[in-house]
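Asks: A predicted structure for the sequence below; I have some questions about it.
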Amino acid sequence: MMWKSTGKTIKSPGHFAYQLCFVREFSVGGIFNQQTHLEYAEATAPRVDEKWQQAKLYKDMPGPSSWRMISYFMPGGALYNTNLIQMNRRMREMYGDIYSMPGLMGKANVVFTYNPEDFEVTYRNEGLWPIRIGLESFSYYRKVQRPDVFGGIGGLVSEQGQAWADIRNKVNPVLMKVQNVRQNLPQLDQIAKEFLDKLETQRNSETHLLDNDFHDQLKMWAFESISFVALNTRMGLLTDEPDPNASRLAHHMGEFFNYSFKYDVQPSIWPYYKTPGFKKFLKTYDDITEITTNYIEAAIKRFESQNECEKKCVLEQLLSLNKQVAVVMVMDMLMAGIDTTSSSLLTILYHLSRNPEKQEQLSQELRRVLPDPQGSLSEESTKNMPYLRACIKEGLRITSITPGNFRITTKDLVLSGYQVPRGTGVLMGVLELSNSDEYFAKSAEFLPERWLKADSAPGVQACPEARSRNPFVYLPFGFGPRTCIGKRIAELEIETLLVRLLRSYKISWLPETPMQYESTIILAPCGDIRFKLEPVQDS
Ligand code: HEM
């Protein structure tokens with residue numbers, strides 16, 4: 001079964017257990033054991049102010065009862081055989097822009113809202129330690145299974161409260177500072193060049209088609225790039241002779257997302273009984289840990305023999321904070337930085353290939369950025385790329401790989417005129433809003449010009465009036481203190497590869513159908529992904 005909208009098709013995995021898991025999981029965080037997570041929030045007194053007292057009671061918010069909810073998922077029910085996106089659409093049609101889903105099987109209730117004012121209220125009240133439920137298997141492995149390696153640190157994705165803040169405050173200056181991240185540009189540019197060289201060997205010079213699966217190739221590029229940033233190590237995955245450990249790690253990372261989806265998202269009994277499948281997952285995790293720590297140890301030896309004055313790389317900076325924090329952060333970067341970046345890049349490329357006139361505009365800009373396609377990118381040459389940055393934003397607007405943002409409220413809130421008690425889950429449907437004409441004029445069109453502040457070149461007219469003035473309707477990397485920590489890295493990687501690709505090729509989409517997506521932990525492109533890569537004339 002497929003779901004179509006604004007040029008996207010989302011595949012439904014289509015079975016009952018899978019559907020139920022959507023009640024638990026949306027976007028990067030799940031909705032698991034949320035009752036226990038309030039212990040990480042600061043205590044607050046029950047709200048008694050006028051606004052709260054005048055608000056409608058939570059029990060009067062539209063939404064199904066637990067039994068009705070279950071019946072929706074049964075054969076013939078309104079949500080039977082739907083995926084997460086379809087489910088939200090149908091529920092919104094039935095109940096409106098705010099509704100409450102009862103927490104099944106002892107879980108807390110979740111409010112689904114499509115009102116950007118609610119997004120703002122939720123984020124503005126999330127406090128210093130926002131709660132976004134993480135992947136439980138991460139915590140289990142790190143804290144219970146291998147405290148010897150991780151020293152009781154769960155990592156950013158799964159920690160909450162003070163423990164989360166302790167790590168986040170330490171690593172923010174290393175990973176969120178633009179200049180610090182951009183020191184990786186020369187090597188990321190080199191990786192992008194090698195990626196293009198590899199594509200050339202797989203590209204038929206007559207038909208301009210690729211022999212190999214482009215998505216898989218992009219995952220290799222993403223792996224090579226993030227492992228350089230995180231481990232200061234070239235893995236050689238874009239060469240014919242990659243480091244065998246790197247190949248094993250890349251293979252595990254591919255499997256890891258599937259495992260995590262199975263054990264963190266879908267209903268599973270592993271918290272009570274360790275199934276053989278879960279034990280296999282733990283073994284994979286052991287292997288990932290061993291390979292990663294070996295790379296870190298090798299890097300430490302290299303750093304010891306290096307000249308003190310050299311600018312410290314990301315890994316060296318993380319190690320100088322705390323070795324265990326460094327190990328956990330490196331692993332989180334590898335886990336969170338492959339499918340996200342490759343899926344986003346594929347999405348942006350897809351929209352550019354379906355809009356040849358926009359691609360041509362971009363190509364003009366890139367000729368100025370990189371006059372000699374064999375030359376190197378520098379801080380200076382990449383400073384002024386407004387049209388490229390607008391294309392990236394527009395691609396992520398139409399298909400944000402995380403269709404909703406999630407928080408557990410740490411205070412009593414009034415959302416759309418209803419009382420929402422502290423400890424309730426709030427799911428903010430950003431993808432729906434950023435694809436709505438109410439917030440973005442001509443929302444189905446790929447219109448990078450809406451993101452330009454001024455005309456970027458002759459014939460390229462800025463069109464900021466086609467963009468929502470409300471910052472809360474477009475949040476591909478989340479918002480606030482818990483926003484994506486890899487945002488700067490992802491932007492740098494994506495920009496660098498897009499410059500190289502579109503400076504060298506004119507890219508067109510071959511399948512007659514729009515790009516398809518499957519919704520697992522993120523929205524990931526799937527199905528028939530074929531592009532034609534014709535060399536541009538002056539390259
Ligand atoms: C285009 C690519 C990416 C997108 C669209 C994306 C999106 C997101 C989103 C929406 C969140 C949740 C933010 C929130 O709750 O407010 C998140 C969290 C996170 N992302 Fe990314 N991400 C991307 C790439 C990366 C990369 C490359 C890394 C690796 C460095 C990374 C690491 C993380 C981590 C560790 C978190 C959890 C942060 C925390 O809870 O403190 N992401 N990401």
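Replies: Right, received. Where do you want to start? Residues are numbered from 1 along each chain as shown.

Asks: Remind me what whatever helix or strand E365 lives in packs against, helices and strands.
Replies: Using DSSP states H and E, E365 sits in helix 356-369. Applying 3 or more C-beta pairs under 8 Å, 6 or more residues apart in numbering; DSSP states H and E, one finds that helix 356-369 contacts helix 339-354, helix 386-398, helix 487-504, strand 505-509. Where you see a C-beta, it was placed from the backbone N, CA and C, and this is true even at glycine.

Asks: Is any residue of the third one near the ligand?
Replies: Yes. Judged by C-beta under 6 Å from any ligand atom, helix 487-504 comes into contact with the ligand at I489, A490.

Asks: So which other helices or strands are in contact with that helix?
Replies: Looks like helix 487-504 contacts helix 178-182, helix 185-202, helix 214-231, helix 339-354, helix 356-369, helix 386-398 (3+ C-beta pairs under 8 Å, 6+ apart).

Asks: Show the average pLDDT along the second one.
Replies: Here the mean pLDDT over helix 185-202 is 96, rounded to a whole number.

Asks: Tell me if it is near the ligand.
Replies: No. Using C-beta under 6 Å from any ligand atom, helix 185-202 never reaches the ligand; the gap is at least 11.7 Å.

Asks: Now do the buried residues in that helix.
Replies: 185, 187-196, 198-199 (16 or more other C-beta atoms under 10 Å).

Asks: Keeping just the C-alphas, turn that helix into CSV.
Replies: Presented in CSV, the C-alpha positions along helix 185-202 are these (Å, rounded to 0.1, in the frame of the first residue of the first chain):
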residue,chain,number,x,y,z
LEU,A,185,36.2,20.8,4.7
PRO,A,186,39.4,19.8,2.9
GLN,A,187,39.1,16.2,3.8
LEU,A,188,35.3,16.0,3.2
ASP,A,189,36.0,17.6,-0.2
GLN,A,190,38.6,14.9,-0.9
ILE,A,191,36.0,12.3,0.1
ALA,A,192,33.5,13.9,-2.3
LYS,A,193,36.0,13.8,-5.1
GLU,A,194,36.8,10.1,-4.4
PHE,A,195,33.0,9.4,-4.4
LEU,A,196,32.7,11.0,-7.9
ASP,A,197,35.7,9.1,-9.2
LYS,A,198,34.0,5.9,-8.0
LEU,A,199,30.8,6.9,-9.7
GLU,A,200,32.7,7.5,-12.9
THR,A,201,33.9,3.9,-12.9
GLN,A,202,30.3,2.7,-12.5
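
Asks: could you check the angle strand 505-509 makes with that helix?
Replies: Put simply, helix 185-202 runs at 60 degrees to strand 505-509, going by axes from the mean of the first three to the mean of the last three C-alpha atoms, to 10 degrees.

Asks: what residues does helix 185-202 touch?
Replies: The contact list for helix 185-202 (C-beta atoms under 8 Å, 6 or more residues apart in numbering) reads 210-212, 217, 220-221, 224-225, 228-229, 234, 238-239, 376-379, 382, 492-493, 496-497, 499-501, 504, 533.

Asks: Give the helix, strand or coil label for the residue lying closest to C526 once chain neighbours are set aside.
Replies: Excluding the flanking residues, the one nearest C526 by C-beta to C-beta, 6 or more residues apart in numbering is E518, at 4.4 Å. Taking DSSP: H, G, I helix; E, B strand; the rest coil as the rule, one finds E518 in the strand state.

Asks: ditto for the one 3 residues further on
Replies: Reducing the assignment to helix, strand or coil with three-state DSSP, the entry for I521 is coil.

Asks: How many neighbouring residues does the closest residue to it other than its chain neighbours have?
Replies: With C-beta to C-beta, 6+ apart as the criterion, I521 has its nearest non-adjacent residue at 5.5 Å, and that residue is F261. Other residues within reach of F261, judged by other C-beta atoms under 10 Å, total 18.

Asks: F261 against I522, yeah?
Replies: No. Taking contacts as C-beta atoms under 8 Å, F261 lies outside contact range of I522: 9.9 Å.

Asks: List the contacts of Y40.
Replies: W129, I131, Q160, G161, Q162, A163, W164.

Asks: give me every residue that touches the closest residue to the ligand within the stretch 51-200 of the chain.
Replies: Going by C-beta to the nearest ligand atom, the ligand is nearest to L156 of the stretch 51-200 of the chain, at 3.9 Å. Listed by C-beta under 8 Å, 6+ apart, the contact set of L156 reads W164, I167, R168, V171, V328, M329, D332, I485.

Asks: And for T496?
Replies: The contact partners of T496, by C-beta under 8 Å, 6+ apart, come to L185, L188, D189, A192, L377, T382.

Asks: rerun at 6 Å
Replies: Contacts for T496 (C-beta atoms under 6 Å, 6 or more residues apart in numbering) come out as L188, D189, A192.

Asks: Test my guess that G151 contacts K323.
Replies: No. Using C-beta atoms under 6 Å, G151 makes no contact with K323, being 8.7 Å away.

Asks: ok, so what distance separates Y114 from T239?
Replies: Using C-beta to C-beta, to the nearest Å, Y114 is found at 47 Å from T239.

Asks: neighbour-wise, which of those two wins?
Replies: Of the pair Y114 and T239, Y114 is the one with more neighbours under other C-beta under 10 Å, namely 22 against 13.

Asks: What pLDDT is listed against that one?
Replies: On the pLDDT scale, Y114 gets 97.

Asks: now do G161
Replies: G161 is assigned 91 on the pLDDT scale.

Asks: Could you check how many residues crowd around it?
Replies: By the criterion of other C-beta under 10 Å, G161 has 18 neighbours.

Asks: and if you look at P386?
Replies: Residues within reach of P386, counting by other C-beta under 10 Å, total 18.
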